[in-house]
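I'll drop the sequence and a predicted model, then ask my questions.
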Amino acid sequence: MTTALSLVLAVLFVATGAGKLVGARKSIEVRDHFRMSATLWRTIGALEWAGAAGLVIGSFTWEWVAHAATVGLGLLMVGATITRLRYDSKQTGVVLDLVLLGLLITLLFLDR
């Protein structure tokens, strides 16, 4: 169960990070709505990829890597939620961010 949840979350974060890293049109619109610089936006995308890699690596080798990745991605989701609330974003985005945060918290406390 833990490995499956880690892999699903890794795929989700690779997908969201990819939009930020390659400069997808919709991603740029969101970035502009949040008034973030292109550098910060790409950095967030790179951190999402790093976290996804940590989830995968930690699932098969070093458990501490998965724990660190889970905490790091959780902190990104806290920041994402605060940003959405600050810029009066759609409620569905806030709910999705909180669901992802809840899944990361669940993953952190599951037996590995």
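Great, that's in hand.

tell me where this protein has helices.
Under the criterion DSSP state H, the chain contains helices at 2-22, 25-33, 38-60, 63-86, 91-109.

could I get those as TSV with mean neighbour count and mean pLDDT?
C-beta here means a position set from N, CA and C on the backbone, and glycine is covered the same way. Below are these laid out as TSV (neighbours: other Cβ atoms under 10 Å; pLDDT from 0 to 100):
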stretch	mean neighbour count	mean pLDDT
helix 2-22	17	93
helix 25-33	13	90
helix 38-60	18	94
helix 63-86	18	93
helix 91-109	15	91
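
residue 93 contacts residue 84, correct?
Yes - judged on Cβ atoms under 8 Å, residue 93 makes contact with residue 84 at a distance of 5.1 Å.

contacts only, for residue 55.
Residue 55 is in contact with 6-7, 9-10, 13, 66, 69-70, 73, counting by Cβ atoms under 8 Å, 6 or more residues apart in numbering.

tell me which of the residues you listed is nearest to residue 29?
Within those, distances to residue 29 taken as Cβ to Cβ reach their minimum at residue 13, with 20.0 Å.

quick one: that closest one from residue 45, how far?
9 Å (Cβ to Cβ, to the nearest Å).

residue 94 too?
20 Å.

do residue 109 as well
27 Å.

swap in residue 63?
Computed as Cβ to Cβ, the residue 63 to residue 45 distance reads 26 Å.

how about residue 16?
Per Cβ to Cβ, residue 16 is found 8 Å from residue 45.

so what pLDDT did residue 89 get?
Looking at residue 89, its pLDDT stands at 69.

same question but for residue 112, I mixed them up
54.
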